[in-house]
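Undergrad: sequence and predicted structure are below.
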4 protein chains.
Amino acid sequence: MTEHPDLARLQHRLAAFAAARNWQPYHTPKNLASALSVEASELVEIFQWLTPEESARVMDDPGTAHRVTDEVADVLAYLLQFCEALGIDPLTALAAKIDRNEHRFPLPGAGQEQPDA
Amino acid sequence: MTEHPDLARLQHRLAAFAAARNWQPYHTPKNLASALSVEASELVEIFQWLTPEESARVMDDPGTAHRVTDEVADVLAYLLQFCEALGIDPLTALAAKIDRNEHRFPLPGAGQEQPDA
Amino acid sequence: MTEHPDLARLQHRLAAFAAARNWQPYHTPKNLASALSVEASELVEIFQWLTPEESARVMDDPGTAHRVTDEVADVLAYLLQFCEALGIDPLTALAAKIDRNEHRFPLPGAGQEQPDA
Amino acid sequence: MTEHPDLARLQHRLAAFAAARNWQPYHTPKNLASALSVEASELVEIFQWLTPEESARVMDDPGTAHRVTDEVADVLAYLLQFCEALGIDPLTALAAKIDRNEHRFPLPGAGQEQPDA
């Protein structure tokens, strides 16, 4: 039985993959941040001429669905390698950010919530 | 005792956060992909004038370290919301991509020299 | 009477501006390409949550109009500095590209229906 | 004898090219800003694993030189189409920005200005 893949395990596989190919000299934080943004733009490219409505249906076409999923994987791969290079825990970073955002964007009338909230 | 935050739980918090503020109409896959790329560029901006060596030391300065960590959180937040909107499992996507890359970029002398990846 | 600003003259002003501040060591082609993409993303950020219709009206609000115009200037500034660093003539590059595109995307019924492009 | 191509003439050719192919419905300011950032990222991609020194020599290889020049053309093409869609004069925008920057980043020693300015 295969388990659901785990973030730490994927991060370890990525590090081993790059190390086995001697790619570490290229993997400076600066270069990994660039690569992350390039992959994010490849995701944007899929959507650039679509209407909002068309953009919600990209998974209906198997070829486009594969391309979108593949770009998601590339973005996550570079994000994890960037975090590994700098010792950042992305899940802790995000949990802290959500905490801060709950203070920055409080719900109107929390308790007796506003209908337009 | 606090547990390590879990990806699925963070994805759920992000969805609840956006829903409580009625942000879903803005959160089309097209817009979320754009927002992801904008946040990735904000990460790049921190590094744009640094040498490769300076880029490896960004976490030494607490202010810069906070800024980098914050942008990582933003990138991950939009990636998870994008995946939620389209029903993509980012960890499964990445595991499949690493499998494919192991075939695309085989190790020289594979056999003796297996990466554990 | 002020003349319309000229591309070559603006490129010269940008080079003199950077030289007077000793910024050339930072202005590697790699860094200038990054800076260009960061500025392009700042332009995208203005539009990221807008509908297509709202995006067509951004110049109606003076504050947003100023911000858009300012980001256009930043993108052009880095594009010209990138071209200067590598000896590329952007206008000749674009003229050649339009020529190629006219072959790649021929008009249906070309012959009768020539675009003047 | 061919003249040096002129920005306004190129902008006109681009508009005619898009109009002849009925591409205007896709050319919202939002989409054109996205396309501009995607092309800027394609330029970044060429440089992403290069050292600063290697990045200064990209024009030595004819294939890479062509690729760089082509991406410059794409960036400029979408910048001009974006400006056309919103009635922005990019040269005037840049001239105004350089004027403002000369005030924001004054030269050390201009008049009695601060040496660390």
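TA: In hand now; what should we look at?
Undergrad: switch to C-alpha atoms for all contacts and neighbour counts from now on
TA: Fine.
Undergrad: show me where chain A has its helices.
TA: Secondary structure of chain A (DSSP state H): helices at A:7-20, A:29-47, A:52-55, A:62-86, A:90-104.
Undergrad: got the ones you listed as TSV, with mean pLDDT columns?
TA: As requested, the helices of chain A are exported to TSV (pLDDT from 0 to 100):
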stretch	mean pLDDT
helix A:7-20	96
helix A:29-47	98
helix A:52-55	96
helix A:62-86	98
helix A:90-104	96
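Undergrad: out of those helices, deepest packed?
TA: helix A:29-47 (a mean of 26; mean count of other C-alpha atoms under 10 Å in any protein chain shown).
Undergrad: and that one, what does it pack onto?
TA: helix A:62-86, helix B:29-47, helix B:52-55, helix D:29-47 (3 or more C-alpha pairs under 8 Å, 6 or more residues apart in numbering or on different chains; DSSP states H and E).
Undergrad: count of neighbours near residue A:56?
TA: As a burial measure, residue A:56 scores 17 neighbours (other C-alpha atoms under 10 Å in any protein chain shown).
Undergrad: would you confirm that it contacts residue B:83?
TA: No - counting by C-alpha atoms under 8 Å, no contact exists between residue A:56 and residue B:83, whose distance comes to 11.6 Å.
Undergrad: so which residues on chain A come close to chain C?
TA: Applying C-alpha under 8 Å from any C-alpha of the partner chain, one finds that chain A approaches chain C through residue A:34.
Undergrad: rerun that using 10 Å as the cut-off
TA: Within chain A, the positions adjacent to chain C are A:34, A:37-38, A:41, A:51-52 by C-alpha under 10 Å from any C-alpha of the partner chain.
Undergrad: rewinding a little: out of the helices and strands packed on helix A:29-47, which is closest to residue A:13?
TA: Counting by C-alpha to C-alpha, residue A:13 lies closest to helix A:62-86 out of the helices and strands packed on helix A:29-47; the figure is 10.1 Å.
Undergrad: now check the closest one, is it near chain B?
TA: Yes - using C-alpha under 10 Å from any C-alpha, helix A:62-86 reaches chain B at A:65-66, A:68-77, A:79-80, A:82-83, A:85-86.
Undergrad: what do you get for stretch A:8-22?
TA: Yes - Stretch A:8-22 is in contact with chain B by C-alpha under 10 Å from any C-alpha, via A:9-21.
Undergrad: same question for stretch A:51-59.
TA: Yes - using C-alpha under 10 Å from any C-alpha, we find that stretch A:51-59 touches chain B at A:51-59.
Undergrad: need those residues in a markdown table (columns: distance to residue D:100).
TA: Output for the residues of stretch A:51-59 next to chain B, formatted as a markdown table (distance: C-alpha to C-alpha, whole Å):
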| residue | distance to residue D:100 |
| --- | --- |
| A:51 | 37 |
| A:52 | 37 |
| A:53 | 41 |
| A:54 | 42 |
| A:55 | 40 |
| A:56 | 42 |
| A:57 | 45 |
| A:58 | 44 |
| A:59 | 47 |
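Undergrad: what does chain A put close to chain D?
TA: Proximity of chain A to chain D, by C-alpha under 10 Å from any C-alpha, involves residues A:23, A:25-28, A:30-35, A:37-45, A:47-51.
Undergrad: can you do 8 Å?
TA: Within chain A, the positions adjacent to chain D are A:26-27, A:31, A:34-35, A:37-38, A:41-42, A:44-45, A:48-50 by C-alpha under 8 Å from any C-alpha.
Undergrad: and the furthest pair within these?
TA: A:26 and A:50 (34.8 Å).
Undergrad: could you check how far residue A:28 is from chain B?
TA: Distance of residue A:28 to chain B, given as C-alpha to the nearest C-alpha, to the nearest Å: 6 Å.
Undergrad: burial measure for that residue, as a count.
TA: By the criterion of other C-alpha under 10 Å, residue A:28 has 22 neighbours.
Undergrad: look up phi and psi at it.
TA: Main-chain torsions, residue A:28, degrees, to the nearest 10: phi -70, psi 150.
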